[in-house]
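**Student:** Okay, predicted coordinates and the sequence, questions at the end:
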Amino acid sequence: MFIFSNFLSAIAEIIDIILRIYMFIIIGRALISWVNPDPYNPIVRFLYKITEPVLNPIRRLIPSGKIGIDLSPMIAILIIFFLQRFLVASLRHAAFF
């Protein structure tokens, strides 16, 4: 049984690390959007390519409309926080029982 608990604990850690890295990528994308980046820069293209599948559905659900501010990165970060607190914490808790 300890093998299964170690496996769940390892999965929880990996998911936590992936979510944390993705959160920093979203923050980087939001910061770069403030300075009118070169769309042909490989770093900018990578950031757009990796974050657009998550941010685009959020933009469709909550359009910026009249306020003119893209709230999708902030909402994506809140979703990541929720997943870290709920999913990762649940996996860690299940690993010890």
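**Tutor:** Ah, there it is.

**Student:** Give me the pLDDT for Ile43.
**Tutor:** Ile43 is assigned 93 on the pLDDT scale.

**Student:** and the gap between it and Ile17?
**Tutor:** With distances taken as Cβ to Cβ, to the nearest Å, Ile43 is found 21 Å from Ile17. Bear in mind the C-beta positions are built from the backbone N, C-alpha and C, glycine included.

**Student:** And for Ile79?
**Tutor:** From Ile79 over to Ile17 the distance is 17 Å, taken as Cβ to Cβ.

**Student:** Check Asp38 too.
**Tutor:** With distances taken as Cβ to Cβ, Asp38 is found 30 Å from Ile17.

**Student:** In which helix or strand does Pro57 reside?
**Tutor:** Pro57 belongs to helix 42-61 when assigned by DSSP states H and E.

**Student:** And the next helix or strand after that helix, what does it pack against?
**Tutor:** Note on helix 42-61: by DSSP H and E, the next helix or strand toward the C-terminus is helix 72-83. Judged by 3 or more Cβ pairs under 8 Å, 6 or more residues apart in numbering; DSSP states H and E, helix 72-83 is in contact with helix 2-32, helix 42-61.

**Student:** Outside of helix 72-83 itself, list whatever touches it.
**Tutor:** With Cβ atoms under 8 Å, 6 or more residues apart in numbering as the test, helix 72-83 has contacts from 15, 19, 22-23, 26-27, 29-30, 51, 54-56, 58-59, 62.
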